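Participant: build me a structure from this.
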Amino acid sequence: MINKVRILIADDHAIVRQGLKQILEEEPGMEVVAEYANGIDALDWLRNRDCDIALIDIAMPGMNGIDLLKQLHKEKPKLPVLILSIYAENQYAARLIKAGASGYLNKECAPFEIVAAVRRVASGRKYISQTVVKMLAKETGAAQQKPPHEVLSDREYQIFMLLASAKTATDIASDLGLSVKTVSTYRTRVLEKMRLRNNSELMHYAVENRLAQSSPPPRSTEIGNPGQGKPEKNWKLSSRRLGKA
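Facilitator: Just a heads-up that it's a prediction; the model follows:
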């Protein structure tokens with residue numbers, strides 16, 4: 001009997017977890033053994049049980065995917081972690097790979113890509129697109145001068161991205177479980193390090209460097225076969241699409 005790849009899913013949208021579970025369990029040799037809506041519950045489960053790969057989102061309440069990744073890297077350094085997020089690769093992928101993630105996928109990817117990534121990461125290898133490989137190579141160039149946003153710490157970068165999406169300090173504090181004062185302190189550091197004067201300049205910088213969109217993406221779209229008629233599945237995903245191959 002072939003041992004199944006045991007997968008934990010952490011995503012705050014139930015419909016996304018349901019869709020991922022169906023995609024993965026339709027494949028032979030894969031089993032979703034746990035699913036959670038936040039990083040705290042996922043970490044608690046992993047402290048007492050084992051799986052072969054953790055498939056996690058970035059934006060989750062309580063403990064987000066970035067903090068969960070860091071904690072897992074400390075407590076379970078051999079556990080492969082695959083990030084599946086609405087954010088484009090140029091926003092978070094290289095940073096999270098360097099922080100210990102085994103791979104990064106955007107939620108616009110097709111189901112077969114998710115399956116391929118899970119198989120590869122579960123086998124102990126990295127799943128990194130050519131785009132991310134180029135980004136990592138560029139960052140490691142000794143003579144390459146880093147752009148301002150790359151000198152930020154992970155938490156500062158996280159605050160920067162949320163500010164760039166037009167969220168207020170109150171919204172960010174609620175999302176990250178921080179005080180408004182702490183968020184304001186981080187905002188000040190970000191502006192100082194990046195030599196920006198206000199949120200307007202920060203948002204302009206993010207758009208100019210393709211780290212944020214000039215207008216927000218749609219709230220949800222169907223998981224289907226983009227541009228090819230009626231989708232085969234009728235799930236919903238937050239903000240982005242998992243295309244049906």
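
Participant: which residue ranges of this structure form strands?
Facilitator: Using DSSP state E, the strands found in the chain span residues 5-10, 30-36, 53-56, 81-85, 103-106, 220-222, 236-238.

Participant: the third one pairs with which strands, parallel or anti?
Facilitator: According to DSSP bridges, the neighbouring strands of strand 53-56, each with its direction, are strand 5-10 (parallel), strand 81-85 (parallel).

Participant: now these in a markdown table, with mean neighbour count and mean pLDDT?
Facilitator: Using the backbone N, CA and C atoms, a C-beta is placed for each residue, glycine as well. Output for the strands paired with strand 53-56, formatted as a markdown table (neighbours: other C-beta atoms under 10 Å; pLDDT from 0 to 100):
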| stretch | mean neighbour count | mean pLDDT |
| --- | --- | --- |
| strand 5-10 | 22 | 96 |
| strand 81-85 | 24 | 94 |
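
Participant: can you add distance to residue 183 and give the ones you listed back as JSON lines?
Facilitator: Shown next, in JSON lines, are the strands paired with strand 53-56 (distance: least, C-beta to C-beta, whole Å):
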{"stretch": "strand 5-10", "distance to residue 183": "24"}
{"stretch": "strand 81-85", "distance to residue 183": "21"}
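
Participant: which one of those strands lies nearest to residue 41?
Facilitator: Ranking the strands paired with strand 53-56 by their distance to residue 41 (criterion: C-beta to C-beta) puts strand 5-10 first, at 8.0 Å.

Participant: what comes into contact with the closest one?
Facilitator: With C-beta atoms under 8 Å, 6 or more residues apart in numbering as the test, strand 5-10 has contacts from 17, 20-21, 24, 29-39, 42, 45-46, 50-57, 60, 65, 68, 118-119, 122.

Participant: please apply the same query to stretch 117-130.
Facilitator: By C-beta under 8 Å, 6+ apart, stretch 117-130 touches 5, 7, 24, 30, 52-53, 55, 80, 82, 89, 93, 97, 102-105, 116, 136.

Participant: buried sites along that stretch?
Facilitator: 117, 118, 119, 120, 121, 122, 126, 127, 128, 129 (16 or more other C-beta atoms under 10 Å).

Participant: so, low pLDDT: which residues of this protein?
Facilitator: 1-2, 138-145, 213-245 (pLDDT under 70).

Participant: show me where it has helices.
Facilitator: 14-25, 39-48, 65-75, 89-98, 111-122, 130-140, 154-164, 169-176, 180-194, 199-208 (DSSP state H).
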